[in-house]
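# next comes the sequence, and after it the predicted model I'd like to discuss.
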Amino acid sequence: MKKLKLYSWILLIFLLSIPAGFLTILTEQPYTPKSEYLLILIVGTFGVTIFVGSLSLIPYFVLKRHHSNYALKRALQCYTFFALALIAVATFKYPEAMKKRDRFHFSLYYEPIFKKIITKSIEAGEEILPASIMKNRKEFCFCIINEMEYNDQIIEQLRMGKDPEDLYYTDPEVKKIKHDCVDLYK
């Protein structure tokens, strides 16, 4: 195999290892803070290089006895295939992993804010609520927050920077959730 062709294969392998490692780790650990993304990039790249490289050595050692250039070519092709397969699997799993991350952030950052807003709203009598809800304030509050946590539109608006209090009082999705929770506790 010519040296230029070999170097181009090695460059391709390195370029494939970067997204394969990063996406694989990010989909498996979606709660990782953004400050650690560089570490994920480095560790993922080396991890994929070692893992996929060791898998690619199997055809190399099997075919090496017959023809070494052919064996190297097949090993590089296997590496490319495995790296592309990792990228495809991670890309497929990425949206669900980001939903998990968003729900985690919601429960960590926004849940306490919404608890205060809902409690303040109930105590101030801003909304006309049945007496059964007044007795079960905590359950009613949990119902609203739980429904909001699994509503992708609400999480998207919060991610885009919408004020939680403004969202609670004006958003039609939140109004629908409040109505459903009121019906549940009547």
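Good, I have the coordinates.
# which parts of this protein are helices?
Using DSSP state H, the helices of the chain run over 3-28, 37-63, 68-105, 111-124, 131-135, 137-149, 152-159, 164-170, 172-185.
# just put these in a markdown table and tack on mean pLDDT and mean neighbour count.
Every residue, glycine included, has its C-beta placed from N, CA and C. Shown next, in a markdown table, are those (pLDDT from 0 to 100; neighbours: other Cβ atoms under 10 Å):
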| stretch | mean pLDDT | mean neighbour count |
| --- | --- | --- |
| helix 3-28 | 83 | 16 |
| helix 37-63 | 85 | 16 |
| helix 68-105 | 87 | 16 |
| helix 111-124 | 86 | 15 |
| helix 131-135 | 74 | 12 |
| helix 137-149 | 87 | 18 |
| helix 152-159 | 88 | 16 |
| helix 164-170 | 88 | 15 |
| helix 172-185 | 86 | 15 |
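# can you pull up the most central residue in the protein?
Met98 (2.2 Å; Cα atoms, centre = their mean).
# who are the contact partners of the residue lying closest to Leu63 once chain neighbours are set aside?
Leaving aside its chain neighbours, Leu63 sits nearest to Ala71 (3.7 Å; criterion: Cβ to Cβ, 6 or more residues apart in numbering). Under the criterion of Cβ atoms under 8 Å, 6 or more residues apart in numbering, the neighbours of Ala71 are Pro59, Tyr60, Phe61, Val62, Leu63, Lys64.
# between those residues, which sits nearest Ser8?
Tyr60 (18.0 Å; Cβ to Cβ).
# what's the spacing between the residue of the chain most remote from its centre and Arg74?
Most distant residue from the mean C-alpha position of the chain: His66, 45.6 Å away (Cα atoms, centre = their mean). Per Cβ to Cβ, to the nearest Å, His66 is found 11 Å from Arg74.
# so how far is Ser54 from the residue nearest to Leu63?
15 Å.
# can you check Gln153 too?
The value you get for Gln153 to Ser54, if Cβ to Cβ is used, is 44 Å.
# also Ala75?
Going from Ala75 to Ser54 by Cβ to Cβ gives 11 Å.
# equivalent analysis for Lys178, please.
Taking Cβ to Cβ, one finds Lys178 at 55 Å from Ser54.
# cool, and Leu41?
21 Å.
# what does Glu139 give?
For Glu139 relative to Ser54 (Cβ to Cβ), the value is 54 Å.
# these two touch, right, the residue nearest to the centre of the chain and Pro30?
Yes - with contact defined as Cβ atoms under 8 Å, Met98 counts as touching Pro30 (6.5 Å).
# which residues touch the closest residue to Arg74 other than its chain neighbours?
Spatial nearest neighbour of Arg74, excluding adjacent residues (Cβ to Cβ, 6+ apart): Pro59 at 4.8 Å. With contact taken as Cβ under 8 Å, 6+ apart, Pro59 is in contact with Ala71, Arg74, Ala75, Cys78.
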